[in-house]
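In: pasting the sequence and the predicted coordinates here, then a few questions.
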Amino acid sequence: MKVLIIGGGFAGCSAAHILSDLPNVEIDLIEKNSFLGAGNKTRWYGGHPYTFGPRHFLTPYQDVFDYLNNILPINLCPEHEFLSYVEPDNNFYAYPINMQDVRSMPDSNRILNELNTCQEQIKAQGGIQASNLEDYWLQSVGKTLYDKLIQPYNSKMWLVDDVSSIDTFKWSPKGVAIKDGPRAAWDEVYSGYPHSPRGYDDYFPFATQNANVLLSTTVDSINLNSKLVTIDGNTKSYDCIVNTIGLDTLMPDTGLPKLPYLGRKLELIVFPSEHVFPENVYFLYYPGSGSFTRLVEYKKFTKHKSHTSLIGMEIPVNNGGQDYPMPFKWAQRLASEYHNCFASSTFSMGRAGSYLYGIDIDDCIKQSFILREMIVSGSWDHPVPGEQYRFPEL
């Protein structure tokens with residue numbers, strides 16, 4: 001069986017590895033960059049390792065954790081916390097929203113009354129009945145907490161004036177809306193980062209050791225029905241095609257409109273101290289004024305030893321970058337039209353190929369497991385492996 005994998009990020013590399021033990025398989029993997037790993041590749045600044053993101057490993061799946069941990073040992077960090085700065089209170093609060101913080105807020109009485117009303121309404125209607133992200137949060141936590149933490153952040157995160165225009169809300173990887181108990185953001189799932197000072201870098205050559213890897217290479221033309229692909233002027237027939245890049249990049253001649261994305265600008269700052277953030281705090285979120293949404297102290301994840309510390313500042317930009325698929329139903333419907341162009345034994349996966357913001361490293365591995373099962377069983381019914389990754393709100 002001849003397999004072509006398009007894209008050498010985590011989705012493409014995990015697919016190459018997990019398919020490599022199929023009988024008589026021959027795998028070609030092409031990547032437009034001169035390196036594998038995409039945003040998960042370790043880079044260096046000021047003597048510090050970092051990834052664009054950052055890309056810490058987070059999963060509820062035992063099989064996914066065991067898979068990666070056996071190849072690339074993971075240093076677990078279940079203690080890690082997110083904090084959000086609320087300008088009107090001039091204070092930092094845990095995210096997900098924590099009841100310990102709520103009780104300390106200057107308007108806690110009003111918030112607690114709103115939370116009680118929310119719970120009564122949810123119980124009366126048998127759950128949250130929301131049509132957009134704003135509805136979801138207002139019904140979950142009430143107007144005061146929504147105005148403090150959720151509305152300004154999502155407005156800035158997605159560069160929208162009206163958060164109600166975000167009409168999908170099951171994609172968020174941030175967990176529960178509100179919790180009472182430990183302040184750690186992910187105390188019930190696996191959360192960590194590779195022990196290796198090279199981060200994930202050792203995984204990519206390991207995962208693709210049995211594949212024919214072509215770097216600095218793109219597709220000239222592709223026919224998904226016949227599975228004929230022209231690369232560097234040479235046309236080759238495949239039995240299976242696995243796409244992990246943007247759908248409109250893969251198929252620019254469909255006549256369909258281009259898909260909307262948001263990019264991210266990353267500013268890197270070295271501080272003259274061993275640590276900058278408080279103990280256990282890995283991320284700082286900024287829902288208020290200012291163009292940036294998040295700061296991360298990389299050495300919290302990497303455990304890099306240095307007398308200085310590297311901070312990354314993330315800024316949403318509409319510059320043509322394809323970092324984040326947009327969480328709008330109309331955009332997902334358009335992506336579905338692209339998916340309809342796929343034929344049997346052609347697949348599309350990963351964040352870009354699925355066109356789903358909530359897909360992370362663990363989901364790429366999970367999709368690769370499902371992909372293998374689909375190929376072995378011949379049970380192709382949709383190009384995106386895994387029903388949970390097929391626009392659950394459409």
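Out: Okay, I see it. Numbering: from 1, shown residues only.
In: all helices of the stretch 151-300 of the chain, in order?
Out: 151-157, 203-207, 247-250, 299-302 (DSSP state H, counting those that start in this stretch).
In: check which helices and strands the last one sits against.
Out: Put plainly, it is helix 299-302. Applying 3 or more C-beta pairs under 8 Å, 6 or more residues apart in numbering; DSSP states H and E, one finds that helix 299-302 contacts strand 48-50, strand 281-285. From N, CA and C alone the C-beta is placed, and that goes for glycine too.
In: could you do the longest one as well?
Out: Here helix 151-157 is seen to pack against helix 133-141 when contacts are counted using 3+ C-beta pairs under 8 Å, 6+ apart.
In: still on that earlier bit, now the helices of the stretch 151-300 of the chain in TSV, with mean pLDDT, distance to residue 365 and mean neighbour count?
Out: Formatted as TSV, the helices of the stretch 151-300 of the chain follow (pLDDT from 0 to 100; distance: least, C-beta to C-beta, whole Å; neighbours: other C-beta atoms under 10 Å):
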stretch	mean pLDDT	distance to residue 365	mean neighbour count
helix 151-157	95	26	19
helix 203-207	98	10	19
helix 247-250	96	21	22
helix 299-302	94	19	24
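In: can you say which of these is nearest to residue 351?
Out: For these, proximity to residue 351 was assessed by C-beta to C-beta; helix 247-250 is nearest, at 11.5 Å.
In: run through who's touching that closest one.
Out: 6, 219, 222, 243, 254, 256, 258-259, 322, 335, 338-339, 348, 352-353, 355 (C-beta atoms under 8 Å, 6 or more residues apart in numbering).
In: just the buried members of the residues you listed?
Out: Buried by 16 or more other C-beta atoms under 10 Å: 6, 219, 222, 243, 256, 259, 322, 335, 338-339, 348, 352-353, 355, out of the contacts of helix 247-250.
In: let me know the secondary structure of the residue lying closest to residue 59 once chain neighbours are set aside.
Out: Distance criterion C-beta to C-beta, 6 or more residues apart in numbering; nearest residue to residue 59, sequence neighbours excluded, is residue 362 at 3.4 Å. Of the three states, residue 362 takes helix under DSSP: H, G, I helix; E, B strand; the rest coil.
In: separation between residue 362 and residue 11?
Out: 11 Å (C-beta to C-beta, to the nearest Å).
In: next: residue 327.
Out: Distance, residue 327 to residue 11, using C-beta to C-beta: 19 Å.
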